[in-house]
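Colleague: fold the following, please.
(one chain, ligands or ions: 1)
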Amino acid sequence: MSASFRAGGPAGGETRPAPGPLSPSRPAPSPSLRVGAPPRSRASLAILSLLFVASLALPPGSAVGPAGLAAQVDDTDPQAPRLAAASYPVWLFARWLNHGRGAFAVELMTRPETGCPHEFNPQPRDLERLTQTRTVVKNGLGLEIFLDRAIRVAPVDVVVIDASAGVPTMINSYGRLSIPGEPSPAAGLEPNPHVFLSPRLASLMAANIARGMSSRDPEGAMHYQARLELFQADMQALESELASFKRIHRGFKVVTSHGFMDYLAQDLGLTILADLEPAPEVAPSPARLAKLATLVRDERVSAVLLDPHADMKLAETLGRETGVPVAVVDPATSGPADPPLDYYQTVLREDLLLLAKLFPVNAT
Ligand SMILES: [Zn+2]
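Modeller: As a prediction, this is how the structure comes out:
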């Protein structure tokens, strides 16, 4: 089997058409969910929530969890207009940009511990908050599937900032190892949404978010530009650190839990041969595990790298059978409810330290 990277490598990264980052209006609400601008009565909110939950076919009696919209940055005025982030990384980026101005109350729509929100189901309380949010920032590329439906309860003039608009993407990785009988999603041909885990691309995402925030708060445009430049300087420093890693530790092959670190691996010069999960949050079959074990041995895979929400037991079994180390790489998709502003930068540096320990100097 070839050790080559998947289609869409560094030079051939598939670039999506570059729509603007701003989506001034959401898809037309379904008749049953069409509503006017807030404020709404609690009764109508309750109906909206029930309709939404029913549409997701949640089990009856699903508990309303703790507040989904998490902590705000300390310099944010809680009375400021809300800006809801649909996933943790773009929440971190928006907090960074907002810092020092506080024109928005930047909130997280998922839970800090959610991780990749591939399967996130918003609870009624989350939806109620969304009815009062006129600015939403999303990672995009299908990472926040829940948002397609949830956005219907937002005010009609809600603006959605698509942080990945125009960001060069790779195709999804689930086709790397195909097992008959397992879900083999057509997602194999769609863009991989985990663009946030590359400082090079995080720079572009933050620029999209800064533009979107400026359009909502034009008087703050210079502030967002200044904060963006600081962030991009940090990203450039990280890019240099990744480039040095690539020079020193190149030639390693790995298996990952799902496509969470494809872009990071590309920056680091690691080759991902397969994913443990046939699709995000789908458990592998025994046949897949057996094939993975063969692949790891035959291809001399150096490590199994998991996201924090992956099935550690399965991975450890694979590691034991093949004698390969298993490690958890933090994709910054979860973390504290009130993280430091530079949490993303810290997480990437910790990942880099971990990987440098895992891989000796050049394998080839
Ligand atoms: Zn993911």
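Colleague: in the helix or strand hosting residue 222, what counts as buried?
Modeller: Assigned by DSSP states H and E, residue 222 belongs to helix 221-248. By neighbour count on 16 or more other Cβ atoms under 10 Å, the buried set for helix 221-248 is 223-224, 227-228, 231-232, 234-235, 238-239, 241-242, 245. Backbone N, C-alpha and C define where each C-beta goes, glycine included.
Colleague: can you lay out the residues you listed as CSV showing pLDDT?
Modeller: Shown next, in CSV, are the buried residues of helix 221-248 (pLDDT from 0 to 100):
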residue, pLDDT
223, 98
224, 98
227, 98
228, 98
231, 98
232, 98
234, 98
235, 98
238, 98
239, 98
241, 97
242, 97
245, 96
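Colleague: now the residues you listed in JSON lines, with distance to the ion?
Modeller: JSON lines is the format used below for the buried residues of helix 221-248 (distance: Cβ to the ion, whole Å):
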{"residue": "223", "distance to the ion": "32"}
{"residue": "224", "distance to the ion": "28"}
{"residue": "227", "distance to the ion": "27"}
{"residue": "228", "distance to the ion": "25"}
{"residue": "231", "distance to the ion": "23"}
{"residue": "232", "distance to the ion": "24"}
{"residue": "234", "distance to the ion": "23"}
{"residue": "235", "distance to the ion": "21"}
{"residue": "238", "distance to the ion": "20"}
{"residue": "239", "distance to the ion": "22"}
{"residue": "241", "distance to the ion": "23"}
{"residue": "242", "distance to the ion": "20"}
{"residue": "245", "distance to the ion": "22"}
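Colleague: circling back: right, and the helix or strand after the helix holding residue 222?
Modeller: That would be, after helix 221-248 and using DSSP H and E, strand 253-256.
Colleague: for this structure, which residue gets nearest to the ion?
Modeller: Ranked by Cβ to the ion, the top residue of the chain for proximity to the ion is residue 116, at 3.0 Å.
Colleague: that residue and residue 143 touch, don't they?
Modeller: Yes - if you go by Cβ atoms under 8 Å, residue 116 and residue 143 touch, sitting 6.9 Å apart.
Colleague: need the overlap of contacts for these two.
Modeller: 87, 194 (Cβ atoms under 8 Å, 6 or more residues apart in numbering).
Colleague: part of a helix, is residue 327?
Modeller: No - counting by DSSP: H, G, I helix; E, B strand; the rest coil, one finds residue 327 to be strand, located in no helix.
Colleague: ok, it - contacts?
Modeller: 303-306, 354-355, 358.
Colleague: could I get stretch 88-101 in PDB with only the CA atoms?
Modeller: C-alpha atoms of stretch 88-101 as PDB (Å, rounded to 0.1, in the frame of the first residue of the first chain):
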ATOM      1  CA  TYR A  88     -15.700  25.500  20.400                       C
ATOM      2  CA  PRO A  89     -12.800  26.600  18.100                       C
ATOM      3  CA  VAL A  90     -14.700  29.400  16.500                       C
ATOM      4  CA  TRP A  91     -15.900  30.500  19.900                       C
ATOM      5  CA  LEU A  92     -12.200  30.800  20.900                       C
ATOM      6  CA  PHE A  93     -11.500  32.800  17.800                       C
ATOM      7  CA  ALA A  94     -14.500  35.100  18.300                       C
ATOM      8  CA  ARG A  95     -13.600  35.700  22.000                       C
ATOM      9  CA  TRP A  96     -10.100  36.600  21.000                       C
ATOM     10  CA  LEU A  97     -11.400  39.200  18.500                       C
ATOM     11  CA  ASN A  98     -14.000  40.600  20.900                       C
ATOM     12  CA  HIS A  99     -11.500  41.100  23.700                       C
ATOM     13  CA  GLY A 100     -10.900  44.700  24.700                       C
ATOM     14  CA  ARG A 101     -14.100  45.900  23.100                       C
END
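Colleague: renumber starting at 46 from here on
Modeller: Right, with 46 as the first residue, what we last looked at is stretch 133-146.
Colleague: for this protein, which residues are neighbours of the ion?
Modeller: Contact residues, the chain versus the ion (Cβ under 5 Å from the ion): 161, 305.
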